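# Return a 3D structure for these sequence lines:
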Amino acid sequence: MNAYVLWSISQEWVDLFISLGKPTNVLAILTFFVGLFTALAVLRTLETLKLKLGIAPEPKKALWYSRKKVLESLTDSVPLEREGDVMLNHNYDGIRELDNNLPPWWLYGFYLSILSGVIYLWYYHVMPDTPLQADEFTAEMAVVEQIKQDYLAGEANNVDENTVVALVDASALADGKKTFEANCASCHLVDGGGSVGPNLTDAYWIHGGSIKDVFTTIKYGVLDKGMISWQETLSPVQMQNVASYLLTFQGTKPANPKAPQGTLYDAAASAEASSADTSSVQP
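The predicted structure is shown next:
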């Protein structure tokens with residue numbers, strides 16, 4: 001039996017003992033001990049009453065649990081002077097064999113292991129509501145997966161203009177495209193060429209062309225130019241996806257592009273400036 005099997009069995013035994021901590025079982029155990037202590041208290045009171053009434057106590061008997069008797073009861077060994085009675089005729093180069101009884105401590109331990117096996121079998125393989133190890137593992141993994149999904153969802157919804165990044169995975173861009181066509185194409189056209197809103201395919205941007213600039217524009221809007229705020233309509237994830245999708249228009253050729261607006265945005269120069277600003281901050 002390897003260590004993993006032993007560990008598994010020990011875990012299930014722990015579960016068994018934990019089940020004893022249920023309110024009904026605790027009440028039964030407490031009731032047993034309260035009754036036991038009450039009986040002992042009554043016996044002690046009777047002994048005290050006998051002494052007060054002058055009734056002579058019974059003579060004390062010899063203790064049955066002396067050290068010698070305890071050792072003899074645990075080993076059930078034959079005294080040296082009587083070893084000849086249990087000696088077998090086997091002789092191996094002067095080594096003789098004794099036909100001693102099995103030690104009671106080992107024999108009772110063996111019986112206890114059988115009893116514990118029966119209890120284990122009944123609890124885990126007969127009781128319908130007791131999950132086996134594989135079922136417990138499946139249930140625990142489902143809980144962990146739910147915790148993981150909740151955590152990822154919470155982290156995703158924590159996106160803002162300071163933590164947003166340009167996404168490139170297909171699912172995010174597909175979601176961004178869907179959002180763009182439903183909410184933004186009326187002003188920027190489906191191909192990003194621009195109509196009421198500016199052209200998204202050239203290198204000119206009115207409010208900055210980085211992912212953080214685009215996210216900020218989508219989130220807060222530009223009310224004086226007709227660009228509404230989308231933070232009450234779109235989730236942070238949706239705004240990040242649509243901002244990432246907008247950047248994919250760069251360098252494409254729309255059917256009827258609108259004239260450039262704003263200033264030329266140099267992504268490389270902007271990245272260098274951002275890096276310089278970060279390195280200038282003293283720790």
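
# Can you list the low-confidence ranges for the protein?
1-28, 49, 52, 54-68, 155-156, 268-283 (pLDDT under 70).

# ok, longest strand in it?
strand 87-92 (DSSP state E).

# Who are the packing partners of that strand?
strand 95-98 (3 or more Cβ pairs under 8 Å, 6 or more residues apart in numbering; DSSP states H and E). Where C-beta positions appear, they are placed from N, C-alpha and C, glycine not excepted.

# what's downstream of the strand it packs on, the next helix or strand?
Sequence-wise, the next helix or strand downstream of strand 95-98 (DSSP states H and E) is helix 104-125.

# isn't residue 257 right next to residue 204, touching?
No: using Cβ atoms under 8 Å, residue 257 is not in contact with residue 204; the gap is 11.0 Å.

# what about residue 46, neighbour count?
Neighbours of residue 46 under the rule other Cβ atoms under 10 Å: 9.

# ok but it is inside a helix, no?
Yes: counting by DSSP: H, G, I helix; E, B strand; the rest coil, residue 46 is located in a helix.

# where do the helices sit along this protein?
Counting by DSSP state H, the segments of the chain that form helices are 3-19, 23-53, 67-75, 83-86, 104-125, 133-156, 170-183, 185-188, 211-220, 236-247, 267-279.

# For residue 162, which of those helices is the nearest?
Minimum separation from residue 162 across the helices of the chain (Cβ to Cβ) falls at helix 211-220, 7.3 Å.

# starting at the chain centroid, how far to that closest one?
Relative to its chain's centre, helix 211-220 lies at 37 Å (Cα atoms, centre = their mean, to the nearest Å).

# That one: which residues count as buried?
Neighbour-count burial for helix 211-220 flags 211, 212, 213, 214, 215, 216, 217, 218, 219 (criterion: 16 or more other Cβ atoms under 10 Å).

# Can you lay out those as JSON lines showing distance to residue 47?
Putting the buried residues of helix 211-220 into JSON lines (distance: Cβ to Cβ, whole Å) gives the following:
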{"residue": "211", "distance to residue 47": "88"}
{"residue": "212", "distance to residue 47": "87"}
{"residue": "213", "distance to residue 47": "92"}
{"residue": "214", "distance to residue 47": "91"}
{"residue": "215", "distance to residue 47": "86"}
{"residue": "216", "distance to residue 47": "88"}
{"residue": "217", "distance to residue 47": "92"}
{"residue": "218", "distance to residue 47": "89"}
{"residue": "219", "distance to residue 47": "85"}
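
# Pull the most distant pair out of those residues.
Largest separation among those by Cβ to Cβ: 211 and 219, giving 12.1 Å.

# hmm, back to that, nearest to residue 246 among the buried residues of helix 211-220?
residue 214 (5.6 Å).

# List the residues that contact the closest residue to the closest one other than its chain neighbours.
Counting by Cβ to Cβ, 6 or more residues apart in numbering, residue 214 lies nearest to residue 243, which is 4.4 Å off, once chain neighbours are set aside. By Cβ atoms under 8 Å, 6 or more residues apart in numbering, residue 243 lies in contact with 164, 166, 176, 211, 214, 215, 218.
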